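**Q** Provide a 3D model corresponding to the input given below.
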Amino acid sequence: MDYQADVVVIGAGHAGCEAALAAAKMGCRTVLFTLNFNNIAFMPCNPSIGGPAKGHLVRELDALGGAMGRVIDRTYLQMRLLNTQKGPAVWALRAQADKNLYQRTMQKELEKEPNLQIRQAEIVKLLVDENQSICGVMTRTGLTYYAKAVILATGTFLRGQIFIGSLHYSSGPMGQQPANLLSESLEELGIRLSRFKTGTPARVRARSIDFSKTIIQPGGYREHGFSFWEPWTIRPVHPCWLTYTQPETHQIIKEHLHEAALYTGAITGMGPRYCPSIESKLVQFPHKERHQVFIEPEGADTDEMYLAGISTSLPEYVQEKFIRTIPGLEHAEIVRPAYAIEYDYIPGDQLRPTLELKKIRGLFTAGQINGSSGYEEAAAQGIIAGINAAASIKHMEPLVLKRSEAYIGVLIDDLVTKENYEPYRVLTSRAEYRLTLRSDNADERLTEYGIRYGLISQEEACHFRKKYDQIRDIEKRFRETFLTPTKEIREKFEKAGITPPANRFSIAEILKRPGIDLDKLCEIIPEVQDNPVWVSEVATRLKYEGYLKKEWDQAERMIHLERKRIPSHLDYRVVPNLALEAREKLEKFRPETIGQASRISGINPADLTALLFYLENIMRVGHAENRE
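**A** Below you'll find the predicted structure:
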């Protein structure tokens, strides 16, 4: 039998869920395929959402109309705001997730979408027509689904190989079925695949842990969650715990290093730099006396605990030996052993900024298949792929977020313009405009896009516009409200530990001062009392006004380069004065704009000047020929 759809999404992990929901909300008949219906939105690794830069992604995703922020707010075990001792640019929410509840809640979100159908099946072949456009997919059981767009969100399943010491076998994460035939289909279509590696630590029984030997990490942040749209509900808080590896731990690992799959040569793919295995940590930092181990619950109703910080590819018997040298884990019972997993991914030079494959029209990709790591990075790519797949069908403008607009823009731009030799992880240090890209203003930056593409409801759009009308009113009031420093006001300032102003002052001038505590200021100046989240956002704008203006000016200069288009079939061999390396890189990545070209490694300012000069001459000659 043959079936018809507008959009087919392959894989129901975090990327696939967001892609399918976005396409369906935009009015496309969407079919979401999963290898196992029970593993929708599965978290095969850490039981958490958010963190530095990752938390920014989740809030941006929510601002666009995605589901991850809403779902984690309904299912978290604890919430923390990180980096509060630093500036607001790097403040980030991180939530421990109840993994099973998160899955069930996300599945409900999918099931209530009328344009979305979920099917359990393995996709083994992509169907492409004579014009190199995608036209459908075929399941292992022989069903054909014809579609106008297909999104690959396959995670670590493509030719997945599990490694535990010398043991290795074909598998997806956590013993699930791998997807081998789909890789073969991609290669037959001329798509180049490469290999990456990631890993996960052992899980142990909570009842076998002596928590009295560990340091409790209570969490308990109560001001707001990830979502801009749903009322904030405070849930029962479940703590995490901290312990450390010991010299004996390190000695056991070093003695068995020759048995780790990572060092036997069995694994060929590069692993994530910012989430290394414990054996990698010992090799890279041989003089470090101890490493952190966070003990994190996998759920409210499970005895299973996640040991963050000690992922490994060592044999299971070695895992048991070294885990039991860690304080609190002396009698730990392993529920699931740690393992490394190697899988296929598509190098980013084959992708457009829309996440569409350059070779095959209508074929989009999202998540770890693009060489990224992390649930949040996957979900962020998923919503962009879903929007652009639906936009291509509905003849709408694609959504390509600029680096100055969103961490999502930074993420995708880095994936498609840089040669990433390891799984890519978003970091605040990767963002040039990180003061502008704060997590508190993600809706201000991105929600208009969500409204334009139909992912934000009319009620939510009204709420959003009313919110920013009020924020602008608060800012205006703070700039225009002037106070005289009476004796009473000066005494209040001094009592709060704040140097009182000598002359008449505006509230905005006080808020710009370094080290001002908003809570104390509310006691001194009643006019400041308002919605505390909104006041905090206004205070940040005022305090960093000069720095924000510098970022905006810098972004404007970069936008000028982004507007300079490069013809898609430009022959770089005929461009004079280009360095050999620049020709090779430009030919490989085929950037669409001068701005994109400027971010490719190996392209220097002289190469950009030569390219700009050549393009301007082409345009000048072309205009002259048209006039003739």
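
**Q** ok, and the closest non-adjacent residue to Pro337?
**A** Of all residues not flanking Pro337 in the chain, Glu316 sits nearest, at 4.4 Å (CB to CB, 6 or more residues apart in numbering). Yep, even glycine has a C-beta here, placed from its N, CA and C like the rest.

**Q** quick check: the one you found touching Phe163?
**A** No: in this structure, Glu316 is not within contact of Phe163 by CB atoms under 8 Å, at 11.8 Å.

**Q** need the CA coordinates for the helix or strand harbouring Asp553. PDB is fine.
**A** Secondary structure assignment for Asp553, by DSSP states H and E: helix 545-562. Only the C-alpha atoms of helix 545-562 are listed here, as PDB (Å, rounded to 0.1, in the frame of the first residue of the first chain):
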ATOM      1  CA  GLU A 545      22.800  50.000  27.700                       C
ATOM      2  CA  GLY A 546      26.300  51.100  26.400                       C
ATOM      3  CA  TYR A 547      27.500  47.500  25.800                       C
ATOM      4  CA  LEU A 548      24.200  46.500  24.100                       C
ATOM      5  CA  LYS A 549      24.600  49.400  21.700                       C
ATOM      6  CA  LYS A 550      28.100  48.300  20.800                       C
ATOM      7  CA  GLU A 551      26.800  44.800  20.100                       C
ATOM      8  CA  TRP A 552      24.000  46.200  17.900                       C
ATOM      9  CA  ASP A 553      26.400  48.300  15.900                       C
ATOM     10  CA  GLN A 554      28.700  45.300  15.400                       C
ATOM     11  CA  ALA A 555      25.700  43.100  14.400                       C
ATOM     12  CA  GLU A 556      24.600  45.800  11.800                       C
ATOM     13  CA  ARG A 557      28.100  45.700  10.200                       C
ATOM     14  CA  MET A 558      27.900  41.900   9.900                       C
ATOM     15  CA  ILE A 559      24.300  42.100   8.500                       C
ATOM     16  CA  HIS A 560      25.800  44.200   5.700                       C
ATOM     17  CA  LEU A 561      28.000  41.300   4.700                       C
ATOM     18  CA  GLU A 562      25.100  38.800   5.100                       C
END
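
**Q** need the contact partners of it.
**A** 402-404, 432-433, 435-436, 512, 541, 593-596, 598 (CB atoms under 8 Å, 6 or more residues apart in numbering).

**Q** return the member of those nearest to Val535.
**A** Closest approach between these and Val535, by CB to CB: Arg541, at 10.8 Å.

**Q** rewinding a little: neighbour count: Glu316 and Phe163, which is higher?
**A** Phe163 (23 against 17; other CB atoms under 10 Å).

**Q** surely that one is within a helix?
**A** No: counting by DSSP: H, G, I helix; E, B strand; the rest coil, Phe163 is not found in a helix; it is strand.

**Q** quick one, strands of the stretch 151-300 of the chain?
**A** 161-164, 167-170, 194-200, 203-205, 215-217, 240-244, 292-297 (DSSP state E, counting those that start in this stretch).

**Q** now those in TSV, with distance to Leu580?
**A** What follows is those, written out as TSV (distance: least, CB to CB, whole Å):
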stretch	distance to Leu580
strand 161-164	37
strand 167-170	40
strand 194-200	24
strand 203-205	51
strand 215-217	53
strand 240-244	50
strand 292-297	46
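
**Q** please consider this matter closed, and thank you.
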